[in-house]
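>>> Okay, sequence plus prediction incoming.
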Amino acid sequence: MLSALSNILKITELKDKIVFTLMMFFIFRLGTHIPVPGVDPTAIEQLFASGSLFGLLDLFSGGALSKFSIFAMSITPYINASIIMQLLTVVVPKLEQWSKEGIEGRKKITQTTRYGTILLGFIQALGMAYGLKDAILYPGVGSVLLIALTLTAGTAFLMWLGEQITANGIGNGISLIIFAGVISRLPEGIMMIFEYLSVGTISIFNAILFFVIALVMIVFVIALTQGQRRISVQYAKRMVGRKMYGGQTTHIPLKVNQAGVIPIIFASSVLMFPATIAQFIDIPWVQTVAGWFEWGSPLNTCLYVLLILFFTYFYTAVTMNISDMAENMKKSGGFIPGLRPGKPTADYLDRVMTRITLAGAIALALVAILPNFIAAATNIEGVYFGGTALLIAVGVSLDTMKQIEAMVIMRHYQGFMK
């Protein structure tokens, strides 16, 4: 392991990229402690101490939301804008044309995504400023606009920071910023468990059970992220000029969790609507209905699972075009042994994808709802572990390690991943 790390340090380009990425992390963490002007921090802390939903949102911002800092919205508006653009690419002809124009088309889509991020960020910032109006020191239209502009500027800066990491650092910048926010909460969670032990709130058995479940979940999420069904493909031999091409056997990797963490984000966003709307309507029956959708309630959990199953199939269907895959395979002279090229191949791939997507959707739903059961089994409250945070942390870690591994293998025969 030490020799593998020394190989990394010997590559000047890779070392510079890692140092640059760590510097960007430092700037991000520094920004989470810069407060938004005109807000009472004590009132914000009381609000976050009263609700688990706000604590969940605070997890992705690395604690910036509970401090109501300039990075309180984190990179969430950019994620929403990217998902909307990805879905619109399928239904809007102009966007679909851009997606097929190579680098220039991707630049146009990226630029449109940036504008969408600013728009969505400003709308979300206005909603947050209005929803937290009791914590504003000097209430008024000017104060709300100042807070909204400050939060939007913070998100825009994080978007730029992520792009700089992607261009000059290692890994995907936006994903790494989310990863840094999630991981930054880990020491605080561990310290909270030790505090529970010291005051006798939980027993040593509860703490050991929590860490064992956490380890099992990490292994399970790694298997879910890496799991794939490999479909064998044979390419026929063909002559091009004086050279023979084809004749080799390869495979199509169909991922079990093709949709990634997107279904959980969609499902949680939909379920947040009732609680969010109820905050602005002070009517008893509205509050009663909102209580049914409270985070962790039986109705909320059941709807959460169903929405994750639905969005997993929906997003997989939108992002994967089985017909185009079968047609491209036919054009390049490839076929699945025992099947005719064209429609029979497309039907087979669709049937296989439907089955493995069901397994992936059920596993995704299990990971998403497991934190509720962990809290009940271990009596450890206030330490969020699992769901979106775990999927993001594991997925980003694996992708970044693969990029480092590729750069190491380019200069050494052996990487650092066994």
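Sure, I can see it.
>>> got the domain boundaries for the protein?
Listed by automatic domain parsing, the domain ranges of the chain are 12-183, 186-383.
>>> Do me a favour and average the pLDDT over the longest one.
Taken as a whole, domain 186-383 has an average pLDDT of 79.
>>> Look up the closest residue to Val182, ignoring the ones flanking it.
For Val182, ignoring the flanking residues on the chain, the nearest one in space by CB to CB, 6 or more residues apart in numbering is Ala389 at 4.7 Å. Where C-beta positions appear, they are placed from N, C-alpha and C, glycine not excepted.
>>> Same check on Ile165?
By the measure of CB to CB, 6+ apart, the closest residue to Ile165 outside its immediate chain neighbours is Gly173, 3.1 Å from it.
>>> one step back: looking at the domains of the chain, which is buried most?
Using mean count of other CB atoms under 10 Å, the stretch among those with the greatest mean number of neighbours is domain 12-183 (a mean of 17).
>>> how about the helices in the stretch 301-418 of the chain?
With DSSP state H, counting those that start in this stretch as the definition, the stretch 301-418 of the chain shows helices at residue ranges 322-331, 343-378, 387-411.
>>> hmm, I was thinking of the stretch 1-150 of the chain
Going by DSSP H, counting those that start in this stretch, the stretch 1-150 of the chain shows helices at 2-10, 12-31, 41-49, 52-60, 64-67, 76-91, 93-99, 103-131, 141-168.
>>> Using CSV, lay out these together with distance to Leu370 and mean pLDDT.
Supplementary listing: these in CSV, determined by distance: least, CB to CB, whole Å; pLDDT from 0 to 100:
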stretch, distance to Leu370, mean pLDDT
helix 2-10, 33, 64
helix 12-31, 28, 86
helix 41-49, 23, 65
helix 52-60, 14, 54
helix 64-67, 23, 66
helix 76-91, 23, 80
helix 93-99, 36, 82
helix 103-131, 28, 85
helix 141-168, 29, 88
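>>> ok, back up a step: show the pLDDT at the residue nearest to Val182.
At Ala389 the predicted local confidence, pLDDT, stands at 72.
>>> Look up how far Ser184 lies from it.
Counting by CB to CB, to the nearest Å, the gap between Ala389 and Ser184 amounts to 11 Å.
>>> What mean pLDDT does stretch 410-417 get?
Regarding stretch 410-417, the rounded mean pLDDT is 59.
>>> now stretch 187-204, how far from the centre of its chain.
A distance of 28 Å separates the centroid of the chain from that of stretch 187-204, by CA atoms, centre = their mean, to the nearest Å.
>>> Can I get that stretch as CSV, trimmed to CA atoms?
Listed next in CSV are the C-alpha coordinates belonging to stretch 187-204 (Å, rounded to 0.1, in the frame of the first residue of the first chain):
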residue,chain,number,x,y,z
PRO,A,187,-16.6,13.4,12.8
GLU,A,188,-19.6,15.3,14.3
GLY,A,189,-21.7,12.1,14.1
ILE,A,190,-19.0,9.9,15.7
MET,A,191,-18.5,12.5,18.5
MET,A,192,-22.3,12.5,19.1
ILE,A,193,-22.2,8.7,19.6
PHE,A,194,-19.4,9.0,22.1
GLU,A,195,-21.3,11.7,24.0
TYR,A,196,-24.4,9.4,24.1
LEU,A,197,-22.1,6.6,25.5
SER,A,198,-20.6,8.9,28.1
VAL,A,199,-23.9,10.2,29.5
GLY,A,200,-25.5,6.7,29.4
THR,A,201,-28.1,7.4,26.8
ILE,A,202,-27.1,4.3,24.8
SER,A,203,-25.2,1.2,25.7
ILE,A,204,-21.9,-0.1,24.2
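>>> quick one: Met191 from Arg185, how far?
Relative to Arg185, Met191 is positioned 11 Å away (CB to CB).
>>> actually Ile262, not the one I wrote
To Arg185, Ile262 is 22 Å away according to CB to CB.
>>> just checking, Trp292 touches Thr301?
No: Trp292 is not in contact with Thr301 according to CB atoms under 8 Å; the separation is 11.5 Å.
>>> so who does the residue nearest to Leu398 when sequence neighbours are not counted touch?
Spatial nearest neighbour of Leu398, excluding adjacent residues (CB to CB, 6+ apart): Thr225 at 6.2 Å. The contact partners of Thr225, taken as CB atoms under 8 Å, 6 or more residues apart in numbering, are Asn257, Leu391, Val394, Gly395, Leu398.
>>> Tell me if I'm right that the last one and Val221 touch.
Spelled out, it's Leu398. No: proximity of Leu398 to Val221 does not meet the contact threshold set by CB under 8 Å, at 9.9 Å.
>>> nearest residue to Phe210 other than its sequence neighbours?
Spatially, and ignoring its direct neighbours in sequence, Phe210 is nearest to Thr378 (4.5 Å; CB to CB, 6+ apart).
>>> before we move on, back to that, Ala389 and Ser184 - which one has more neighbours?
When Ala389 and Ser184 are compared on other CB atoms under 10 Å, the one with more neighbours turns out to be Ala389, at 22 against 18.
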